[in-house]
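*Asks:* below is the structure, and that's it, no one-letter string:
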């Protein structure tokens, strides 16, 4: 990840890019990093944890 950040900084320092292009690239890189962080999180197993169902199981089982 450290190398990726350095590569991104090097790309954004490129003098051939206009300010508009740099802004767009920054947004793309931020979205990419956020998405990567979200996908790397551990998943929650909703099937076995009733706390995460917000009580919907108890409502459905009353019928």
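*Replies:* On my side now, so go ahead. Note that the structure is predicted; figures quoted are calculated from it, not measured.
*Asks:* number of residues surrounding residue 9?
*Replies:* 10 (other Cβ atoms under 10 Å). For every residue, glycine as well, the C-beta is placed using N, CA and C.
*Asks:* can you classify it as helix, strand or coil?
*Replies:* helix (DSSP: H, G, I helix; E, B strand; the rest coil).
*Asks:* average pLDDT across the helix or strand residue 20 falls within?
*Replies:* Using DSSP states H and E, residue 20 maps to helix 19-39. For helix 19-39, mean pLDDT rounds to 90.
*Asks:* again, but for stretch 2-13
*Replies:* Rounded to a whole number, the mean pLDDT of stretch 2-13 is 85.
*Asks:* list the contacts of it.
*Replies:* Contacts of stretch 2-13 with the rest of the structure, by Cβ atoms under 8 Å, 6 or more residues apart in numbering, involve 22, 25, 26, 29.
*Asks:* what's the answer for stretch 23-30, then?
*Replies:* Outside stretch 23-30, the residues that reach it (Cβ under 8 Å, 6+ apart) are 8, 11, 12, 17.
*Asks:* just the buried members of these?
*Replies:* Taking 16 or more other Cβ atoms under 10 Å as the criterion, what is buried in the contacts of stretch 23-30 is residue 8.
*Asks:* out of the contacts of stretch 23-30, which comes closest to residue 33?
*Replies:* residue 8 (8.5 Å; Cβ to Cβ).
*Asks:* where's the closest one relative to residue 42, distance?
*Replies:* Plainly put, residue 8 is 26 Å away from residue 42 if you go by Cβ to Cβ, to the nearest Å.
*Asks:* secondary structure class for residue 43?
*Replies:* Classified using three-state DSSP, residue 43 is coil.
*Asks:* list the contacts for it?
*Replies:* By Cβ under 8 Å, 6+ apart, residue 43 lies in contact with nothing.
*Asks:* can you redo the contacts of stretch 23-30 as TSV with distance to residue 36?
*Replies:* Shown next, in TSV, are these (distance: Cβ to Cβ, whole Å):
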residue	distance to residue 36
8	12
11	17
12	18
17	23
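*Asks:* cheers, nothing more for now.
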